[in-house]
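Trainee: Would you be able to build a 3D model of this:
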Amino acid sequence: MNDLEFSFEQSPWDALLDTLRPGDAVDAVNFLTMMEGESEETVEEAFLDMETAAMVLDISNLPKPAGTGEAALRLRQEEQLVRKGLPVRELDESDPLRLYLEEVAMTPAFGDAQLWAERSAAGDENAMLQLTNLSLSRVVEAAKAHVGRGVLMMDLIQEGSLGLWQAIRNWQSGDFETYSHRWIGFYMAKAVTLQARANGVGQKMRTALEDYRSMDEQLLSELGRNPTVEEVAERLHLTPDAASAVQKMLENARLLAQAKKQPEPEEEELAETQAVEDTAYFQMRQRINELLSELDEADRKLLTLRYGLEGGKPLDPETVGRKLGLTPEEVVAREAAALAKLRK
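Mentor: Now for the predicted structure:
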């Protein structure tokens, strides 16, 4: 497989933005991998891009931290409390989280959020206050859904409150609760993503990508075919799901590298050729092509048809069999024997 660089003349984030539409989801793991090595300012600008385009930041694939120390202990405690329904009595009386939850419970909140939102958008400051009070419980509920992902619940609530404030300021029409839920969730997901970045998730994923690519190339050479995700996972001591996630990110990185080129119409044919050359399949064909002289004419013809080595499309065993007067099983067997000879 060709070397796949993870640094581009054009920002990989800018290349990804070119392929996304407002409301699309951005995978946080993929985002962190692209942003590895970028400045904090660049990362914040990327988050602003997502806010502006009303994108969703998907943190479902982020690995949960398994840290140690007081912070990790507190995170586990909060996760257990949420499972129990967040009973505040199990927290110390002076605990900031308990004090806040008790304050929210006592805050007067009444009326219809949609009505308050309409009045707030018209400039009614009292309506803005009532809408804020009415929505605080939604912030707490959203924080519960993000507990256990490396950010303390009070920090999640603080970030969610900022998202709520942005929603109240920016809302113009539509269902306010749906609108505010997106803003609240985005700010909490941003906090979780930044914490994962601080924990080195981006670098870890970059290393995983390089390891996967290296093993994929090694198995391609050994097997004479594209290895399955399960075969790569076994060699790297990964679960199939983890390997599949890495393989998907590797493919995304390759697509981004191609998307950044944005070829002119007259360059489309060249771009299509390059897209093929970037696959392990083409690499295998090239290796075979260099060694075809070692085979007899019948095997050369068979491999040429199977892999399209003379510019045609690769053909399946059944089609090759019809052309050469062989059964599909005979084609597969002779192909395997020919490839084995080339590997030696």
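Trainee: for the record, mean pLDDT for the helix or strand encompassing Ala333?
Mentor: Assigned by DSSP states H and E, Ala333 belongs to helix 328-343. For helix 328-343, mean pLDDT rounds to 81.
Trainee: Where does pLDDT dip in the stretch 1-150 of the chain?
Mentor: Flagging of the stretch 1-150 of the chain using pLDDT under 70 yields the residue ranges 1-10, 66-68.
Trainee: Please enumerate the helices of it.
Mentor: Taking DSSP state H, counting those that start in this stretch, the helices of the stretch 1-150 of the chain run over residues 12-17, 28-35, 40-52, 70-83, 96-106, 113-121, 125-146.
Trainee: which of those sits most buried?
Mentor: Greatest average neighbour count among the helices of the stretch 1-150 of the chain goes to helix 28-35 (a mean of 23), per mean count of other Cβ atoms under 10 Å. Any C-beta I mention is one placed from the backbone N, CA and C, and that applies to glycine too.
Trainee: tell me the angle it makes with helix 40-52.
Mentor: Computed by axes from the mean of the first three to the mean of the last three Cα atoms, to 10 degrees, the angle separating helix 28-35 from helix 40-52 equals 140 degrees.
Trainee: Identify all contacting residues around the helix holding Ala333.
Mentor: Residues from elsewhere that reach helix 328-343, judged by Cβ atoms under 8 Å, 6 or more residues apart in numbering: 221-222, 224-225, 287-288, 291, 294-295, 298-299, 302-303, 306, 316-318, 320-321, 324, 326.
Trainee: Are any of the residues you listed buried, and if so which?
Mentor: Using 16 or more other Cβ atoms under 10 Å as the burial test, the contacts of helix 328-343 include 224, 288, 295, 299, 302-303, 306, 317, 320-321, 326 as buried.
Trainee: So among these, where is pLDDT lowest?
Mentor: Note: of these, the lowest pLDDT belongs to Ile288, at 56.
Trainee: pretty sure Pro240 is in contact with Thr228, am I right?
Mentor: No: with contacts counted by Cβ atoms under 8 Å, Pro240 stays clear of Thr228, the gap being 9.2 Å.
Trainee: about what we covered before: would you mind giving the helices of the stretch 1-150 of the chain as CSV with distance to Arg182 added?
Mentor: Compiled in CSV, the helices of the stretch 1-150 of the chain are given as follows (distance: least, Cβ to Cβ, whole Å):
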stretch, distance to Arg182
helix 12-17, 19
helix 28-35, 16
helix 40-52, 10
helix 70-83, 22
helix 96-106, 21
helix 113-121, 14
helix 125-146, 10
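Trainee: which parts of the helix holding Ala333 are buried?
Mentor: For helix 328-343, by 16+ other Cβ under 10 Å, it's 331, 334-335, 338-339, 342.
Trainee: residues in contact with Glu118?
Mentor: Glu118 neighbours (Cβ under 8 Å, 6+ apart): none.
Trainee: Check Val192 too.
Mentor: So Val192 contacts 28, 59, 62, 146, 149-151, 156 (Cβ under 8 Å, 6+ apart).
Trainee: Mark which of these are buried, thanks.
Mentor: Using 16+ other Cβ under 10 Å, the buried ones in the contacts of Val192 are 28, 59, 62, 146, 149-151, 156.
Trainee: Please tell me I have it right and Tyr179 contacts Ala167.
Mentor: Yes: applying Cβ under 8 Å, one finds Tyr179 in contact with Ala167, separated by 5.7 Å.
Trainee: Looking at those two, which has the bigger crowd around it?
Mentor: Higher neighbour count among Tyr179 and Ala167: Ala167, with 22 against 18, using other Cβ atoms under 10 Å.
Trainee: Need the residues that contact the helix or strand where that one lies.
Mentor: With secondary structure defined by DSSP H and E, Ala167 is part of helix 153-170. Helix 153-170 is contacted from outside by 51, 78, 96-97, 100, 117, 120, 128, 131-132, 135-136, 138-140, 142-144, 146-147, 151, 176, 179-180, 182-188, 190-192, using Cβ under 8 Å, 6+ apart.
Trainee: buried residues in stretch 166-181?
Mentor: For stretch 166-181, by 16+ other Cβ under 10 Å, it's 166-168, 171, 176, 179-181.
Trainee: What sits closest to Leu324 if chain neighbours are left out?
Mentor: Excluding the flanking residues, the one nearest Leu324 by Cβ to Cβ, 6 or more residues apart in numbering is Leu302, at 6.4 Å.
Trainee: Can you give me the distance of the one you found to Pro328?
Mentor: 12 Å (Cβ to Cβ, to the nearest Å).
Trainee: Could you do Arg138 as well?
Mentor: Here the criterion is Cβ to Cβ. By it, Arg138 lies 60 Å from Pro328.
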